[in-house]
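A.B. asks: build me a structure from this.
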Amino acid sequence: MALAQCPASCGEIIQGWILGSEKLVSCPVDWYSEVEVTAGTPVPAERPLVRAMVKQVLAHWQLPAALSDEIRIDCRSTIPVAKGMASSTADIAATAVATSRHLGFTLDDVTLSQLCVALEPTDSTVFRSLTLFDHNTAQTRISCERVPTLDVLLLESPLTLRTEDYHRLPRRAVLMANADALGSAWRKVQRACLTNDPALLGEAASQSAMASQTLLPKPGFNSLMGIVEQCDLYGLNVAHSGSVVGLFLDRQRHDLAKVRALLSKPALQQHWPQQHLLRMVEGGVRER
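C.D. replies: From the prediction side, this is the model:
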């Protein structure tokens, strides 16, 4: 038996045309998918990508494909699906690590990212550090020094968007038009991590979120930015290929009651009926 867990992401800190292609830095938060791998018969209601990952892991370790029929996967997760929270990445990454451990092997982060990208565009939550990642090819992996200390008030929308649908949008021209802004945002992310500066990280996230409005606009965006300014929050980030939004703050320093009162106004409440107060955490799959 082997257990592994991988965090969700509150969208991305930044995503756009950076260093020659579309890349992202995910925003890992303390909400996890946990996967248990045991010897046994596969469960009927299994998520298809989870079983696909088991087969990939067997192929990677040059083991018979028939062994898949002897591996049971129990995936326990309450991460909302199809909202830009890396729920699928969390499931398949934890599955890859737990399956490898069950078979007596250990996966490194680079191999893990390659296995995940072979199945679908992948969030950089598979890495322990905040990482600039080419989520389509896994060819770029630039890690930052540390994760700045901050909280995220995640605003959950009832709307869903499948990652594959987002990737069908004609994005290249818009992404390239915002390349300078995203290059600036990436440099801010690096400095924020070096100096443990949550305000600078929030500034970078807000910059990327504003650029994302051209491609996938979030309702009430200007009002949310107004709350950031009015309450002197660190910034605002978005799911660039999903529906969630995050407010970067410090639950000890900022007036959370005031923020929630402003969010409760009908014009915003209809778009963001659910809130989750989370902490930004290190990414990476943890074995348990």
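
A.B. asks: so how far is stretch 276-288 off the chain centroid?
C.D. replies: 10 Å (C-alpha atoms, centre = their mean, to the nearest Å).

A.B. asks: list the buried ones in that stretch?
C.D. replies: Neighbour-count burial for stretch 276-288 flags 276, 278, 280-281, 283-286 (criterion: 16 or more other C-beta atoms under 10 Å). (Glycine included, C-beta is placed from N, CA and C.)

A.B. asks: residue 70 is in contact with residue 40, isn't it?
C.D. replies: Yes: using C-beta atoms under 8 Å, residue 70 makes contact with residue 40 at a distance of 7.4 Å.

A.B. asks: and which of the buried residues of stretch 276-288 is nearest to residue 192?
C.D. replies: residue 280 (11.5 Å; C-beta to C-beta).

A.B. asks: for beta bridges, what are the partners of that closest one?
C.D. replies: Counting by DSSP bridges, residue 280 is bridged to residue 29.

A.B. asks: if we can go back for a sec, can you list residues touching both of residue 70 and residue 40?
C.D. replies: Both residue 70 and residue 40 lack any common contact, where contact means C-beta atoms under 8 Å, 6 or more residues apart in numbering.

A.B. asks: name the next helix or strand following the helix or strand bottoming out on mean pLDDT in the chain along the chain.
C.D. replies: None of the helices or strands of the chain scores lower by mean pLDDT, DSSP states H and E than helix 163-166, at a mean of 74. Using DSSP states H and E, the helix or strand that follows helix 163-166 in sequence is helix 172-177.

A.B. asks: list the buried ones in that following helix?
C.D. replies: residue 175.

A.B. asks: got it, and stretch 50-58?
C.D. replies: For stretch 50-58, using 16+ other C-beta under 10 Å, the buried residues are 50-54, 56-58.

A.B. asks: just put the residues you listed in a markdown table and tack on distance to residue 272 and secondary structure.
C.D. replies: Formatted as a markdown table, the buried residues of stretch 50-58 follow (distance: C-beta to C-beta, whole Å; DSSP: H, G, I helix; E, B strand; the rest coil):
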| residue | distance to residue 272 | secondary structure |
| --- | --- | --- |
| 50 | 30 | helix |
| 51 | 34 | helix |
| 52 | 33 | helix |
| 53 | 32 | helix |
| 54 | 36 | helix |
| 56 | 37 | helix |
| 57 | 38 | helix |
| 58 | 42 | helix |
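
A.B. asks: just give me the closest of those residues to residue 204.
C.D. replies: Closest to residue 204, out of all of those and judged by C-beta to C-beta, is residue 53, at 31.7 Å.

A.B. asks: now that closest one: how far from residue 131?
C.D. replies: In this view, residue 53 and residue 131 are 20 Å apart by C-beta to C-beta, to the nearest Å.

A.B. asks: then residue 214?
C.D. replies: Taking C-beta to C-beta, one finds residue 214 at 25 Å from residue 131.
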